[in-house]
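K.L.:
Curious how this folds, go ahead:
(4 chains, ligands or ions: 4)
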Amino acid sequence: MIAPPPAGPVPYEKDYALALLADMLRIRRMEEKCAQAYGEGKIRGFLHLYIGEEAVAAGAVRALKPEDNIVATYREHGHALVRGVTMNSIMAEMYGKREGCSRGRGGSMHLFDAGVRLYGGNAIVGGGLPVAVGLALAARMQDEARVTACFFGEGAMAEGAFHESINLAALWRLPVLFCCENNLYAMGTALDRSESQTDLCVKAASYGVQTLKVDGQDVVAVHEAAQEAARAVRAGGGPFFVEFQTYRFRAHSMFDAELYRAKSEVEEWKKRGPLHTFSARLKAEGKLTEEAFLALDHEANAEVERAVAFAEAGSWEPVEDLLLDVHSPEGRP
Amino acid sequence: MIAPPPAGPVPYEKDYALALLADMLRIRRMEEKCAQAYGEGKIRGFLHLYIGEEAVAAGAVRALKPEDNIVATYREHGHALVRGVTMNSIMAEMYGKREGCSRGRGGSMHLFDAGVRLYGGNAIVGGGLPVAVGLALAARMQDEARVTACFFGEGAMAEGAFHESINLAALWRLPVLFCCENNLYAMGTALDRSESQTDLCVKAASYGVQTLKVDGQDVVAVHEAAQEAARAVRAGGGPFFVEFQTYRFRAHSMFDAELYRAKSEVEEWKKRGPLHTFSARLKAEGKLTEEAFLALDHEANAEVERAVAFAEAGSWEPVEDLLLDVHSPEGRP
Amino acid sequence: MTTMSYREAMRTALREALAGDPRVFLMGEDVGRYGGTYAVTKGLLEEFGPERVRDTPLSELGFVGAGIGAALGGMRPIVEVMTVNFSLLALDQIVNTAALYRHMSGGQFSVPLVIRMATGAGRQIAAQHSHSFENWYASIPGIKVLAPATAQDARDMLAPALADPDPVIIFEHAQLYNTEGEVTAERQADIRTAAVRRPGTMVSVVTYGGSLPKALAAADQLAADGVDAEVLDLRVLRPLDTATILASVRKCRRAVVVDEGWRTGSLAAEIMARIVEQAFYDLDAPLARVCSAEVPIPYARHLEDAALPQPAGIVAAVNAVLGR
Amino acid sequence: MTTMSYREAMRTALREALAGDPRVFLMGEDVGRYGGTYAVTKGLLEEFGPERVRDTPLSELGFVGAGIGAALGGMRPIVEVMTVNFSLLALDQIVNTAALYRHMSGGQFSVPLVIRMATGAGRQIAAQHSHSFENWYASIPGIKVLAPATAQDARDMLAPALADPDPVIIFEHAQLYNTEGEVTAERQADIRTAAVRRPGTMVSVVTYGGSLPKALAAADQLAADGVDAEVLDLRVLRPLDTATILASVRKCRRAVVVDEGWRTGSLAAEIMARIVEQAFYDLDAPLARVCSAEVPIPYARHLEDAALPQPAGIVAAVNAVLGR
Ligand SMILES: Cc1ncc(C[n+]2csc(CCOP(=O)(O)OP(=O)(O)O)c2C)c(N)n1
Ligand SMILES: Cc1ncc(C[n+]2csc(CCOP(=O)(O)OP(=O)(O)O)c2C)c(N)n1
Ligand SMILES: [Mg+2]
Ligand SMILES: [Mg+2]
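P.N.:
Ligands and ions are numbered 1, 2, ... in the order given. As a prediction, the model looks like this:
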């Protein structure tokens, strides 16, 4: 019962459309390299790939303004990259190098970048939600027209943290954009084994929050929905919940035998891949040629190679600095 | 905007109706005495009175069968009493005596009685909810036709524990009867400052749970609703949520200056008092005379006096037994 | 110099903080309309309005996390968790978010958050409401933990806690709220050092928070008996002022640690470990501790009394380490 | 006698438990279809079906509480909390319900619940996933805490934990899952006693869980250097087997405690406190401990290594207490 692949006109100028495509490609190529580097032992720890879900980060993050905040999960490479964290510093982070966006201390699950208001990467499922509510509260109390976008998986919605956070946001009408990436599984647990209410928008609406459900494999649909939702939040309408229906093509992490889903299901979903379906639409509209696609792909790959070189050339934080930043310098005991 | 006092015919035989009335009276008189004993320093710690809410315990607990489980809160004197914990052992517990239903170790907030399947008294808001779900799970796994009734305040519904518990119960279709005592305040926090969704049945229904909303000041309405809900649960329909709309006439606990609500509001609600409105209805139907009422009241007071005497005559657990029951005897290190 | 209760001192500090910095706000269950479960925040809603004194829903994890976010977002929140008992529900946010943020982000983000909570037993409110988890909090890198034990310290320690760029937790023992003390206009306390509350020479009694009055009472009794005990109030539970502890122990050569936490794994154990690591050769006798019995704190008064540290137990422990 | 991995040993124990008692069931995140995040429960869903191997939603507080309720209701649940890191979300239920129930109810209700969780660092999974909170759990009256460190113990300790009428928590250090060991058919371990893993005479190295292999490696190095260290595996973290600890320390007269917890407030501190309380006069030197640095565990390998106890650090600490 998987829907047909996303189709239909792309309501954007060519350049804008290609930028969306380029972002998705950059995520894809970067992560493919990460998987390879993981195999080589260059990247370690937990690595959660976003492959298959790129349309969500590409379409949603681009709907935000520079002054907006982002709070993400351990599956946040795409969000970080689209938000403007350099691929160099992301890759260096995964390599554990001091030039990484978190100084090599965080790794894949903990990408931070104050410069683009990326408040992390959080490896506790649901852990970012209350923080996002607080960021929104701070914005409201300081009269800043800032949206705080919080990404989380559908699995996180079973956590008490979700309930407490969305209730608080709705009660206080805070400018939070709840971005649920419903990829149908939480590790190996399918949505209908995790939530008694599988219509996640119904669940969110029960808090009195506006909602939208959208095909997360269609970067156009994602972008439109995120823009509409962000506009509503910015206009003071209180929090907004968007369910992006998506799918991860890879294992949950590098330690997953994928016993819980059929290969055929994955194959079916791959027909709905965000990259090739969007490319096809652009080609059909004459906004993209195969050469142009290859050029974009080449650029993405080149960026990845540069990032790997940057990461390889990076330095290790000196062991003497182990205790640096446990406290702020002014607050250091 | 407070509804008119409960009215209308009482669909019960005289004896049955009087038993409901007697239960409410027993709770009321017992608690009035507790308040007095608190003033005298005989009872200490936290004491949360149920006065004003008696119809809920009287009507709901009587809808349960002996094999059903009850999980309650720190405001559980009424539930314990109606369930069949003796007033003697409740009073002794509040006096801290060894003859108390929890050996004097629990006090007002921690009444336990294995004999009547009362699993406490719990002083952590929301803390009983997951336990109730587990009790229901155990019943289901052991093929026991047991309903687990869990009482909690509307304030508890903001807690993550509520969300996680009702989701699990709904997902696994467990025989839990969720009994929400909506007395409009959580300490000093009014419902609309606590929940973005003030229609609690809407909230519960979003989990796919059946719901009923009922006038908690009307013991008939309470009893009917609880019976209907318990029947549905027992029939295997999964969890059921009942909102009992009620009001506490007294302060939250003995340390509450009641700054958060107007005296006039309390006075208005007192017109909806469960005792006098039910008595009036019974009298109107000829099921109760003033003499009969006084006789019941006298009986209740006499029971209270006996309970106080029992508590006064009780003994202190020897200090040498302090560590008893930290572990079971078989498991004692 | 005025005399005020610990409660008033804390309220004064809160009022000064709210008045002095528009970024400061107060948030927690019933801090506003109810006036605070221990009446500490009474009147502040009326004075500062509902934007700055925020009643929250019952959702400890959520509003503590929101405090973290608000701190990250440029505010200076003071979050009240009604009591340490309920803070377990928020512990994930405190540990996994507040405490780790700065280091894990490579130093990019600080969380200037203050969390206040009442702690301790002694009022017959039974097992679920009588915990002391100061030891747990004091073991978490990335946060600071304070335990003002006097009215002066209650007034004094909030401002530097707010000025600190990192998360600070303040424990207020519920039994202290009604105690009275002198409070000077100028600030006396910092958030780095322990305080010698009673100088002495024969034994160092190390304590903090709600046990301080008990330790002082014990010292008085001991004095009458010819034992000159020094009473040290840790005041800051993380980072511990080890230098002051060691100085006192080196002087007295014997020490007893008094801590309302359950004995096993108590903060007292950490104090003892530091002493034995660093001042072993200065000790003339085994160290001892007076802690709570390892039992859920019972409701009945006599049992609760028996479960908690008491002056008589402190006196006995001191006499034991003195070989008397 | 067969050789098997710690993971297989634990799975064998789980399988035996499920097969042996219809009241036993397994519940937790991804214990079923996924096969367990550390593959410990792999195959059990297929063998015992979804009623007895239950995948739960992501809701640690809820399903741990449900485990408590199920135990009260007559079942013998084994709840897997994926890792100790997430157990903070469930801590309120563990402390305020499971641990207190029996005492608080005047002895009426027992909670025969087993909670298993992976713990520890060492795999570069960074600050939020590398905690060791065994010390916190080991301080809670009313529960027992186990930390099997060998395949044999992993197989052996589950059955007595299930037979115990009260809550038992089992910590499995994630670094141990792939370690191999001999496992005999008959049960060797109980849930009361510590085990001497390497007898020695010159210094007692007290440790547990994931630090045991490191302590043994250090002892080997020390032996090559003429130092005969005894290695004691606590195995049971609550209640501590103090008698065995004291016997070892009294024999060796010097001790080093190795514990992956953060130094301040570590379980090591408690061990040291007990030794200094009860065996002070038997000590020839200050006690020492080797713990984790007080820092959120960093991702980068070299920093993680630097943050955690390592054999070289243990060797150095032993040499120091020996004055070498
Ligand atoms: C509180 C908590 N529990 C469990 C985990 C282990 N875990 C990591 S990711 C994950 C699945 C989350 O699923 P979902 O929210 O749907 O996000 P997805 O991974 O599908 O993007 C789990 C169970 C965790 N990190 N945090
Ligand atoms: C987790 C937790 N947070 C806070 C408290 C303090 N507290 C005790 S009762 C209460 C109000 C609960 O309100 P509600 O659930 O509506 O029940 P009611 O008291 O009205 O019956 C609060 C905040 C607590 N006991 N537990
Ligand atoms: Mg998912
Ligand atoms: Mg209420």
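K.L.:
thought C:Leu322 was touching C:Val227?
P.N.:
Yes: assessed by Cβ atoms under 8 Å, C:Leu322 is found in contact with C:Val227 at 6.6 Å. For the C-beta atoms, the positions are set from N, CA and C on the backbone; glycine is no exception.
K.L.:
neighbour-wise, which of these two wins?
P.N.:
A count of neighbours by other Cβ atoms under 10 Å in any protein chain shown puts C:Val227 above the other of C:Leu322 and C:Val227, at 19 against 16.
K.L.:
And the more buried one, how far from chain A?
P.N.:
34 Å (Cβ to the nearest Cβ, to the nearest Å).
K.L.:
cool, C:Val24 as well?
P.N.:
11 Å.
K.L.:
ok, what's across the strand from that residue?
P.N.:
C:Arg76 (DSSP bridges).
K.L.:
Got the phi and psi for residue 195?
P.N.:
I'll assume chain A. Here is the backbone geometry of A:Glu195 (degrees, to the nearest 10): phi -130, psi 130.
K.L.:
Oops, wrong one, chain C.
P.N.:
phi -130, psi 130.
K.L.:
can you give me the strands for the chain?
P.N.:
Going with chain A. Per DSSP state E, chain A carries strands over the ranges A:69-71, A:148-153, A:176-182, A:185-186, A:189-190, A:210-215, A:240-245.
K.L.:
The chain in question should be chain C.
P.N.:
C:2-5, C:24-28, C:53-55, C:76-83, C:114-119, C:144-146, C:168-173, C:180-183, C:195-198, C:203-207, C:229-233, C:236-238, C:255-262, C:288-292.
K.L.:
Out of these, the one nearest ligand 2 is which?
P.N.:
Using Cβ to the nearest ligand atom as the measure, strand C:76-83 is the one of the strands of chain C that comes nearest ligand 2, at 5.1 Å.
K.L.:
what's around the residue in the stretch 1-150 of chain A positioned nearest to chain B, how many residues?
P.N.:
Nearest residue of the stretch 1-150 of chain A to chain B, counting by Cβ to the nearest Cβ: A:Gly126, 9.0 Å away. Using other Cβ under 10 Å, A:Gly126 is surrounded by 29 other residues.
K.L.:
how far away is it from A:Met94?
P.N.:
24 Å (Cβ to Cβ, to the nearest Å).
K.L.:
Mutual contacts of C:Leu322 and C:Val227, please.
P.N.:
Here C:Leu322 and C:Val227 share the contacting residues C:202-203, scored by Cβ atoms under 8 Å, 6 or more residues apart in numbering or on different chains.
K.L.:
and A:Ala72, how many neighbours?
P.N.:
29.
K.L.:
got a pLDDT number for it?
P.N.:
Predicted confidence (pLDDT) for A:Ala72: 98.
K.L.:
Run through the residues that contact it.
P.N.:
A:79-80, A:111, A:118, A:120-122, A:128, A:150-151.
K.L.:
measure the closest residue to chain B within the stretch 1-150 of chain C to C:Met82 for me?
P.N.:
In the stretch 1-150 of chain C, no residue comes nearer to chain B than C:Tyr34, which is 2.9 Å away by Cβ to the nearest Cβ. C:Tyr34 sits 10 Å away from C:Met82, going by Cβ to Cβ.
K.L.:
Spatially, and excluding backbone neighbours, which residue is closest to A:His252.
P.N.:
Leaving aside its chain neighbours, A:His252 sits nearest to A:Met187 (4.8 Å; criterion: Cβ to Cβ, 6 or more residues apart in numbering or on different chains).
K.L.:
same question but for A:Met109, I mixed them up
P.N.:
Spatial nearest neighbour of A:Met109, chain neighbours left out: A:Tyr74 (3.7 Å); criterion: Cβ to Cβ, 6+ apart.
K.L.:
ditto for C:Thr201
P.N.:
C:Asp228 (4.9 Å).
K.L.:
got the residues of the stretch 51-200 of chain A near chain D?
P.N.:
A:96-97, A:102, A:104-107, A:109-110, A:122-127, A:155-156, A:158-161, A:186-190, A:193-195 (Cβ under 8 Å from any Cβ of the partner chain).
K.L.:
picking up where we left off before, I'd like the contacts of A:Ala72 written out as TSV, with distance to B:Leu282 and neighbour count added.
P.N.:
Output for the contacts of A:Ala72, formatted as TSV (distance: Cβ to Cβ, whole Å; neighbours: other Cβ atoms under 10 Å in any protein chain shown):
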residue	distance to B:Leu282	neighbour count
A:His79	65	27
A:Ala80	69	28
A:Leu111	69	27
A:Leu118	67	25
A:Gly120	63	31
A:Gly121	65	30
A:Asn122	59	28
A:Gly128	57	30
A:Cys150	55	30
A:Phe151	59	27
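K.L.:
how deep is C:Thr3 tucked in, by neighbour count?
P.N.:
10.
K.L.:
meant to ask about C:His302, not that
P.N.:
For C:His302, using other Cβ under 10 Å, the count is 15.
K.L.:
How about the one 3 residues further on?
P.N.:
C:Asp305 is flanked by 14 other residues according to other Cβ under 10 Å.
K.L.:
Which residues are in contact with residue 117?
P.N.:
Went with chain A since none was named. Taking Cβ under 8 Å, 6+ apart, one finds A:66-70, A:83 in contact with A:Arg117.
K.L.:
Please refer instead to chain C.
P.N.:
Counting by Cβ under 8 Å, 6+ apart, C:Met117 touches C:80-84, C:87, C:169-172.
K.L.:
please redo it, this time with the cut-off set to 7 Å
P.N.:
Residues in contact with C:Met117 (Cβ atoms under 7 Å, 6 or more residues apart in numbering or on different chains) are C:81, C:83-84, C:87, C:171.
K.L.:
do you know how far it is from chain D?
P.N.:
14 Å.
K.L.:
give me the beta-bridge partners of that residue?
P.N.:
Applying DSSP bridges, one finds that C:Met117 bridges with C:Val81, C:Phe171.
K.L.:
do the same with A:Ala149
P.N.:
A:Ile70, A:Leu177.
K.L.:
Would you enumerate the residues in contact with the closest residue in space to C:Val31 that isn't next to it in sequence?
P.N.:
Of all residues beyond its chain neighbours, the one nearest C:Val31 is C:Thr41 (4.5 Å), with distances taken as Cβ to Cβ, 6+ apart. By Cβ under 7 Å, 6+ apart, the contact set of C:Thr41 is C:11, C:14, C:26, C:31, C:35, C:53.
K.L.:
Would you tell me which residues of the stretch 101-250 of chain A are close to ligand 1?
P.N.:
By the rule Cβ under 6 Å from any ligand atom, the part of the stretch 101-250 of chain A lying against ligand 1 is A:123-125, A:152-156, A:181, A:183, A:185-187.
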